[in-house]
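# Structure, please.
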Amino acid sequence: VILAEGALPEIALPLNAAAVAVQTYKGYADKVLLSKLYKVLNNQDSDFDEWLKLSEKFDKSDKNYKKTVCKLVYTINAINEEELLDIYSNLLRAYKLGLICKQRFFKLTWALSNIYSEDLFELKNIYKEKDVPETRERISLRNVNLLDSDIATGCGGSSAYYTINSLGIDMLQYGIDLANADKYKPFRKEMSLVDKK
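Numbers count the residues shown, from 1 in each chain. Alright, predicted model coming up:
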């Protein structure tokens, strides 16, 4: 019993250090989140009254609005690169302007937290190309639903080929290059998909 009592202060020290580490991390994580939110909001237009009206575009009911705001914050917090925060800002601006719907906005912003920026910028290189061969970047783009793939089989085996889809074009237009959105037009095949929605 005496040994156990003597050992308690030694055990308490690592526990206190762990508690301090958790609080420090929590404080750091909060600062990182706030800096991400600041960056996204600071990249919007300057008419703050207009941005206050943005809440009406998400959901009318208070319960859904709170869920949507949480979803926005969680998505921003999951983004780990500054370049991707800039793209998020563009997508938010495009949503505010009515260029994309809420569902499309969330699909596109989800992709940002699940891809590396250099892989995402590969979209610019493959725009208007059809059946581009498989690369690591193209696999990443397909995994976040910005490219479609087909498997071609032949005598020597099979190969995967990739084509940008309508969601990928939206990412180019409204995320990566919003200033030049008109430059990226949907292909005929993609246009029919968009028209059906």
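
# SS state for residue 148?
Three-state call for residue 148 (DSSP: H, G, I helix; E, B strand; the rest coil): strand.

# And it, how close does it get to residue 99?
Counting by Cβ to Cβ, to the nearest Å, the gap from residue 148 to residue 99 is 22 Å. Heads up, the C-betas are built off the backbone N, CA and C, glycines and all.

# do the same with residue 87
The gap separating residue 87 from residue 99 is 14 Å, by Cβ to Cβ.

# more crowded one of these two?
Neighbour count, other Cβ atoms under 10 Å: between residue 87 and residue 99, residue 87 has more, with 24 against 16.

# I'd say that one and residue 112 touch.
Yes - between residue 87 and residue 112 a contact is recorded at 6.0 Å, counting by Cβ atoms under 8 Å.

# so what sits against both of those two?
120, 175 (Cβ atoms under 8 Å, 6 or more residues apart in numbering).

# Okay, strands next: where are they in this protein?
With DSSP state E as the criterion, the chain has strands at 132-133, 147-154, 157-164.

# For residue 66, which of those strands is the nearest?
Nearest of these to residue 66, taken as Cβ to Cβ: strand 147-154 at 34.3 Å.

# Just the mean pLDDT for that closest one, thanks.
The average pLDDT for strand 147-154 rounds to 76.

# Mind checking the pLDDT average for stretch 81-90?
On average, stretch 81-90 scores 89.

# and it, which residues are buried?
By neighbour count on 16 or more other Cβ atoms under 10 Å, the buried set for stretch 81-90 is 84, 85, 86, 87, 88, 89, 90.

# repeat for stretch 89-107
In terms of neighbour count (16+ other Cβ under 10 Å), stretch 89-107 has its buried residues at 89-96, 99-100, 104-107.

# May I have that stretch as PDB, with CA atoms only?
Below are the C-alpha coordinates for stretch 89-107, written out as PDB (Å, rounded to 0.1, in the frame of the first residue of the first chain):
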ATOM      1  CA  SER A  89     -14.000  30.000 -51.900                       C
ATOM      2  CA  ASN A  90     -14.700  30.000 -55.600                       C
ATOM      3  CA  LEU A  91     -17.300  27.200 -55.200                       C
ATOM      4  CA  LEU A  92     -19.000  29.100 -52.400                       C
ATOM      5  CA  ARG A  93     -19.100  32.200 -54.600                       C
ATOM      6  CA  ALA A  94     -20.500  30.200 -57.500                       C
ATOM      7  CA  TYR A  95     -23.200  28.800 -55.300                       C
ATOM      8  CA  LYS A  96     -24.100  32.300 -54.000                       C
ATOM      9  CA  LEU A  97     -24.400  33.500 -57.600                       C
ATOM     10  CA  GLY A  98     -26.700  30.500 -58.400                       C
ATOM     11  CA  LEU A  99     -24.300  28.900 -60.900                       C
ATOM     12  CA  ILE A 100     -24.500  25.600 -59.000                       C
ATOM     13  CA  CYS A 101     -27.200  24.000 -56.800                       C
ATOM     14  CA  LYS A 102     -26.700  23.100 -53.200                       C
ATOM     15  CA  GLN A 103     -26.300  19.400 -53.900                       C
ATOM     16  CA  ARG A 104     -23.700  20.000 -56.600                       C
ATOM     17  CA  PHE A 105     -21.900  22.500 -54.200                       C
ATOM     18  CA  PHE A 106     -21.500  19.800 -51.500                       C
ATOM     19  CA  LYS A 107     -20.400  17.100 -54.000                       C
END
